[in-house]
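Peer 1: let's see this in three dimensions:
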Amino acid sequence: MTAIRDIYAIEPEGSTWPVPQQYDVRFNWDYDDGRQTMLHLYRKGVEMQWNAETRIDWSQELDEENPEQLPDQMLPIGTMPRYLAMSEKEKAEVRRHFQAWQISQFMQGEQGALICAAKIVTQVPDVDSKFYASTQVIDEARHVESYKRLLEKFRVAYPMTPPLQELIDQVLRDSRWDMTYLGMQVVIEGLALAAFQQIRDNAQNPLAAAVNAYVMQDESRHVAFGRLALRDFYPQLTQKERDEREEFLLEASYLMRDRFDAVEVWKRLGLDPAECAAHMYDSGFMQMFRNSLFTRIVPIVKDIGLWGETIQKGYGEMGILEFANADVQALQEADESIARDFDARRAYVESVVSRAAALEPAE
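Peer 2: Below is the predicted model of the structure:
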């Protein structure tokens, strides 16, 4: 079995990352039924648990030259002259490392989500929220497992990229329970959904596409959870408190938009990070990714009530106000439907194989 520690392209700083915590653990003695919409989401989370060992066909392999079989338009430096001048072997190495870097960030981010979900269970005052967050804990553990197993097939991995680590560090260190929701359920999960969608919808490799489809089915519920909890809470805050959260959102949005730049990959491959960054910033892939990212985040921000002058001015300067009217519910329903399609496709293939085996003459 491949150990992730043995395939890191860049050695992580230590084997663990301690983040000091200072917040109150909250028990709730009422055990009331709570909000019906939240309890419905909790029951849905319970019913939709799945086993990564059996739902995903791990016997499938990745492509040697293009692991996820993504078009070169999905490689941020795919049209850069330096890349185009490479040999086919060199191009294959770039594709393998960039895709492995992406999956590594998914795996590392999912561990961050696992810890944040556990923190929410501990910290949030409402029992119905504790119930749902407990289902998210096992979801996130399953996602870490799934991406770890996928990453092992790449035979290369990367540590958590500093911009993602910086955001998770801020979220974990903040003692206010709603900031854990805001940073993880809205920003980081929104970022994750945008990135997962790019692979789910464009990968020709069935294993890579399926893993992302199934993870997205869960993640869309997690975003709905944050949306429900914060929509009830933020109207209770003062304008000063809401302004502070809007400023955090703007900082996090800029961080995720401008600094998710894979500089570790380019340095590891001997490429000029500045040249790669200049090319990828204006690449069609990054434009597509930014659009997808904010389609997932901006309407949630508006819906939970953080839509004051600060956020509207900032999002206007970023050119993303137009995404405020995206239909989040339709996106969530599509994520669930597409995952069911993957299940149906696998069941059909297995039925064909079974019928063919039954028709073989006995020896």
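
Peer 1: and the average pLDDT for the helix ranked longest in the chain is what?
Peer 2: Ranked by residue count, the top helix of the chain under DSSP state H comes out as helix 88-123. Averaged over helix 88-123, pLDDT sits at 96.

Peer 1: make 848 the starting number, not 1.
Peer 2: Renumbered: residue one is now 848, and that last one reads helix 935-970.

Peer 1: just the buried positions in it, please.
Peer 2: By neighbour count with 16 or more other C-beta atoms under 10 Å, helix 935-970 contains the buried residues 938-939, 941-970. C-beta: built from backbone N, CA, C; applies to glycine.

Peer 1: what of stretch 1115-1126?
Peer 2: 1116, 1118, 1123-1124, 1126.

Peer 1: check stretch 1159-1174 too.
Peer 2: Counting neighbours by 16+ other C-beta under 10 Å, stretch 1159-1174 gives 1159, 1161-1162, 1165, 1167-1168, 1170-1171, 1173 as buried.

Peer 1: of all those residues, which comes closest to Ile903?
Peer 2: Ranked by distance to Ile903 (C-beta to C-beta), the buried residues of stretch 1159-1174 are led by Ala1173 at 29.4 Å.

Peer 1: phi, psi for that closest one please.
Peer 2: phi -60, psi 150 (degrees, to the nearest 10).

Peer 1: quick check: next helix or strand after the lowest-mean-pLDDT helix or strand in the chain?
Peer 2: Ranking every helix and strand in the chain by mean pLDDT, DSSP states H and E puts helix 1131-1150 at the bottom, with a mean of 84. Downstream of helix 1131-1150, the first helix or strand assigned by DSSP states H and E is helix 1156-1165.

Peer 1: relative to helix 1131-1150, how tilted is the very next helix or strand once past that following helix?
Peer 2: Of the helices and strands lying after helix 1156-1165 in sequence (DSSP H and E), the nearest is helix 1175-1206. Relative orientation of helix 1175-1206 and helix 1131-1150, computed by axes from the mean of the first three to the mean of the last three C-alpha atoms, to 10 degrees: 120 degrees.

Peer 1: which stretches of the stretch 1048-1197 of the chain aren't confidently modelled?
Peer 2: 1105-1106 (pLDDT under 70).

Peer 1: so who does Ala947 touch?
Peer 2: Going by C-beta atoms under 8 Å, 6 or more residues apart in numbering, Ala947 touches 856, 914, 998, 1001, 1003-1005.

Peer 1: still on that earlier bit, and the furthest pair within the buried residues of stretch 1159-1174?
Peer 2: It's Gly1161 and Ala1173 that sit farthest apart of those, by C-beta to C-beta, at 17.9 Å.

Peer 1: got the CA positions of stretch 959-974 in PDB?
Peer 2: As requested, the backbone C-alpha atoms of stretch 959-974 are provided in PDB (Å, rounded to 0.1, in the frame of the first residue of the first chain):
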ATOM      1  CA  GLY A 959      -9.600  20.900   7.400                       C
ATOM      2  CA  ALA A 960     -13.400  20.500   6.800                       C
ATOM      3  CA  LEU A 961     -13.400  17.400   9.000                       C
ATOM      4  CA  ILE A 962     -11.800  19.400  11.900                       C
ATOM      5  CA  CYS A 963     -14.100  22.400  11.400                       C
ATOM      6  CA  ALA A 964     -17.200  20.200  11.400                       C
ATOM      7  CA  ALA A 965     -16.100  18.600  14.600                       C
ATOM      8  CA  LYS A 966     -15.600  22.100  16.000                       C
ATOM      9  CA  ILE A 967     -19.100  23.100  15.000                       C
ATOM     10  CA  VAL A 968     -20.500  20.000  16.800                       C
ATOM     11  CA  THR A 969     -18.600  21.100  19.900                       C
ATOM     12  CA  GLN A 970     -19.300  24.800  19.800                       C
ATOM     13  CA  VAL A 971     -22.700  25.600  18.100                       C
ATOM     14  CA  PRO A 972     -25.500  26.200  20.700                       C
ATOM     15  CA  ASP A 973     -28.400  24.600  18.800                       C
ATOM     16  CA  VAL A 974     -29.000  20.800  19.000                       C
END
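
Peer 1: contacts for that stretch next, please.
Peer 2: 868, 870-873, 875, 877-879, 881-882, 885, 976-977, 980-981, 983-984, 986-988, 990-991, 1007, 1011, 1015, 1018-1019, 1024, 1027-1028, 1030-1031, 1035-1036, 1039, 1069, 1076.

Peer 1: can you pull out the helices in the stretch 848-997 of the chain?
Peer 2: Ranges of helices within the stretch 848-997 of the chain are 851-854, 883-894, 899-902, 928-931, 935-970, 974-1001, based on DSSP state H, counting those that start in this stretch.

Peer 1: Gln1134: which of those helices is closest?
Peer 2: helix 935-970 (17.1 Å).

Peer 1: how far is that closest one from where the chain is centred?
Peer 2: 8 Å (C-alpha atoms, centre = their mean, to the nearest Å).

Peer 1: tell me what angle it forms with helix 974-1001.
Peer 2: 160 degrees.

Peer 1: ok, of the buried residues of stretch 1159-1174, which one's closest to Glu1093?
Peer 2: Gly1161 (7.6 Å).

Peer 1: show me the contacts for the closest one.
Peer 2: 1093, 1097, 1100.

Peer 1: so which of these sit within helices?
Peer 2: Per DSSP H, those map to helices at 1093, 1097, 1100.

Peer 1: hmm, which of these are the buried ones?
Peer 2: Counted by 16+ other C-beta under 10 Å, these give 1093, 1097, 1100 as buried.

Peer 1: just these now: which is nearest Leu1153?
Peer 2: The closest of those, once distances to Leu1153 are taken by C-beta to C-beta, is Glu1093, at 5.2 Å.
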